[in-house]
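Enquirer: Any chance you could fold what I've pasted below:
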Amino acid sequence: MKNITLSAEGELIQQAREVAVRRKTTLNQLFRDWLAEVVGQKDREKSLEKIWKQTGYAEAGGKFPREEMNAR
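Expert: Reported below is the predicted structural model:
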């Protein structure tokens, strides 16, 4: 695991530490979880874009008259 140095406002860091305590974890673990989520989100976005390109996106269909929409 590599170390990195980050900077943030003192109050923000304190609030993040309090969140970590409530979740019974560490600030480092919160950051690692957040980083993994960001990377996973990018992967999901790429997958979705690939699917859209393969399917040609979704296109809206025609409009239905009121009578047809209310028909039972």
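
Enquirer: longest helix of this structure?
Expert: The residue-count maximum for a helix in the chain (DSSP state H) belongs to helix 27-55.

Enquirer: So for it, mean pLDDT?
Expert: Averaging pLDDT along helix 27-55 yields 85.

Enquirer: who are the neighbours of it, in terms of helices and strands?
Expert: Using 3 or more Cβ pairs under 8 Å, 6 or more residues apart in numbering; DSSP states H and E, the elements in contact with helix 27-55 are helix 10-22. From N, CA and C alone the C-beta is placed, and that goes for glycine too.

Enquirer: hmm, who's touching the helix it packs on?
Expert: 8, 26, 27, 29, 30 (Cβ atoms under 8 Å, 6 or more residues apart in numbering).

Enquirer: Widest-spaced pair of those residues?
Expert: Maximum pairwise distance among the contacts of helix 10-22 (Cβ to Cβ): 16.5 Å, between 8 and 29.

Enquirer: gap between the longest helix of the chain and the chain center?
Expert: Its chain's C-alpha centre and that of helix 27-55 lie 7 Å apart, by Cα atoms, centre = their mean, to the nearest Å.

Enquirer: Return the angle between stretch directions for it and helix 10-22.
Expert: For helix 27-55 against helix 10-22, the angle by axes from the mean of the first three to the mean of the last three Cα atoms, to 10 degrees is 90 degrees.

Enquirer: following helix 27-55, which helix or strand shows up next?
Expert: helix 66-70 (DSSP states H and E).

Enquirer: Extract the C-alpha set from that next one and format it as CSV.
Expert: Included here for helix 66-70 are C-alpha records, laid out as CSV according to Å, rounded to 0.1, in the frame of the first residue of the first chain:
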residue,chain,number,x,y,z
ARG,A,66,-55.9,10.0,-24.2
GLU,A,67,-58.6,7.5,-25.1
GLU,A,68,-56.0,4.9,-25.9
MET,A,69,-54.1,5.5,-22.7
ASN,A,70,-57.2,5.2,-20.6
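
Enquirer: Many thanks, have a good one.
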